[in-house]
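# after the sequence you'll find the predicted model.
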Amino acid sequence: MVNFLLPITFFSKMYTYSLAEPLTMVAFPFFVCTIFYQLFCHPDRIKRIIPSKKAILISAFVWIEQLVVMLYSYSQVGENKVTWGLLHSPLNLAGWTIAIYIAWAVIRVCVMTEEDEKKLIKSALIGLTIYLLLVIFPQVLVTFHVQTLKSYVNGIASLFESHWQAHSGYNFYSHGSYVTTLNRVNGFEPEASYLANQLSVVYLPILIALAVSDYSLWEWAKQRNWLINLIFAFLVMSVLVLARTSTGIFAVVVAFALWLLWSKGKIRATVLSIAFVSFVGLILAYETIPAIHSTLNQFLFAKQGTDNRTGGTIALALTFLAHPLFGVGTGFTSYYIIQNMPEAFTHNFEYEHVYSQYGFPILSESLGWFASFGLVVMIPALFLLFKLVARSYLKTYRLNQQKVLMVDQKWDRTMHIAFITMIIMIAFSSIFIIRIYLWPYLLMFFFYREHLLRVEQELK
């Protein structure tokens, strides 16, 4: 079952808008069935999915804080169509809570050993390869006006593509799919930036770590493992650029910088060489290929249409500064963003006809967390995250000092590099938009945490 955990998350289509996003995807019933199947086969594993007292207390604290803040915000705002309301806000929070538990539980019952970890990573990369070949590359070709693939792209999009709710004059999928409507690559995600997050946060850290550590994950590749993983990583980076989103382009820069920091010797030299050749090739393509020229201008050098992102970020900051301790509660940020939106950034179609009428989304995730939950939740959450990162470094240091036959030190280093890289990529992506409560991010976070706990146990 572990082989299907990450590949199933590519199918991100939402089948209803009434519940929290993770519960509306096909991965949710699959994970629930997987948990029950594993417990049926291994009844003793049920103790592994019983939350600790600490986890229950933390969850109870967050819930009580949020319910109180929701009630307060509702008393100030009342019934308003730009908020989620007093019923839907707790429902969404409940959905996210369930998703966190299910992601944790499915990892706990499926990933027990080092061999299970390797199976998950292998299946994830095989799934990514199939996804690139059958979904992403055809979309890239469509953006370069290969008309014969339009019907194919629209066909698979009609089955699996996740859509936002459409409004009059505002529909990203009116021509059959996102890519044929906006000429940007999105996979099965609702927008290109969400595909960029998925690739840069979930998959790039794995590929970078495998290339840096020179781990032989693929037996058939023998001594060429590092080169295969290196080429695979650069291929994913190319997709991030071709997706035509500034999020993807900036993510490539951050990921490449991290890659150089982790690398040594021949791997660093090879990375720099390929990067230099790619950079020169990109300059030549920018000067000679109109599609590349327009892409880099539109999404990097001369990016326009940023009023809502800029204004929304300022408004979120003002919302947090006005409610620093407890935030405004899940589902109520939209009202306060609109109230605090600088007037200079409101003169655009998207704001006037969509955001101000139906609700303003969080366009800077990190500020959204602080504005929603406040310091009383965010400070402890960040403390727990930093503690986990510190434990990962300490675990790797102790492992290097000891001879533990039960632990593959090179594999542990690979997992450590991937985990730290993922955390940094999440921190970067949270400046913009990243739906961190979705399945691939939750699964990988708990996967790395499970590896940490397993190695710590072996070191005792």
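Happy to help now that I have it. Numbering: from 1, shown residues only.

# what about the nearest residue to Asn3 once chain neighbours are set aside, helix or strand, and which?
The spatial neighbour of Asn3 that comes closest, neighbours along the chain excluded (CB to CB, 6 or more residues apart in numbering), is Ser123 at 4.0 Å. Glycine gets a C-beta too; all of them are placed from N, C-alpha and C. Element membership for Ser123, per DSSP states H and E: helix 114-131.

# mean confidence (pLDDT) on the helix or strand just after that helix, please.
Where DSSP H and E defines the elements, the next helix or strand beyond helix 114-131 is helix 137-143. Throughout helix 137-143, pLDDT has a mean value of 93.

# what is helix 137-143 packed up against?
helix 150-160, helix 178-182, helix 225-242 (3 or more CB pairs under 8 Å, 6 or more residues apart in numbering; DSSP states H and E).

# swap in 6 Å and give it another go.
With contacts taken as 3 or more CB pairs under 6 Å, 6 or more residues apart in numbering; DSSP states H and E, helix 137-143 sits against helix 150-160.

# if I look at Leu141, how far off is Val179?
10 Å (CB to CB, to the nearest Å).

# which of those two has more residues huddled nearby?
Val179 (31 against 18; other CB atoms under 10 Å).

# tell me the pLDDT at Phe232?
91.

# pretty sure it sits against Ile208.
No: shown here, Phe232 and Ile208 do not form a contact pair, counting by CB atoms under 6 Å, at 10.1 Å.

# surely Ile35 touches Trp104?
No: the pair Ile35 and Trp104 does not pass the contact test of CB under 6 Å, sitting 10.4 Å apart.

# contact partners for Asp116?
By CB atoms under 6 Å, 6 or more residues apart in numbering, the contact set of Asp116 is Val2.

# what about 8 Å?
Each residue near Asp116 by CB atoms under 8 Å, 6 or more residues apart in numbering is listed here: 2, 110.

# repeat for Pro190
12, 161-164, 172, 178.

# show the end-to-end separation of stretch 426-435, please.
Stretch 426-435 has an end-to-end distance of 10 Å (criterion: CA to CA, to the nearest Å).

# ok, residues contacting it?
21, 193-194, 197, 200-201, 247, 250-251, 254, 309, 361-366, 369, 436, 441.

# give me the ChimeraX select line for those, limited to the buried ones.
To isolate the buried ones among those in ChimeraX, judged by 16 or more other CB atoms under 10 Å, type:
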select :21,193,194,197,200,201,247,250,251,254,309,362,363,364,365,366,369,436,441
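
# Val82 - that's part of a helix, no?
No: according to DSSP: H, G, I helix; E, B strand; the rest coil, Val82 belongs to no helix; its state is coil.

# pretty sure it sits against Ile338.
Yes: applying CB atoms under 8 Å, one finds Val82 in contact with Ile338, separated by 6.2 Å.

# overlap of the contact sets of the two?
With CB under 8 Å, 6+ apart, Val82 and Ile338 have common neighbours 356, 360.

# so for the helix holding Ser123, mean pLDDT?
pLDDT averaged over helix 114-131 gives 95.

# helix or strand right after the helix or strand bottoming out on mean pLDDT in the chain?
Ranking every helix and strand in the chain by mean pLDDT, DSSP states H and E puts helix 290-296 at the bottom, with a mean of 69. Next in sequence after helix 290-296, counting helices and strands by DSSP H and E, comes helix 307-322.
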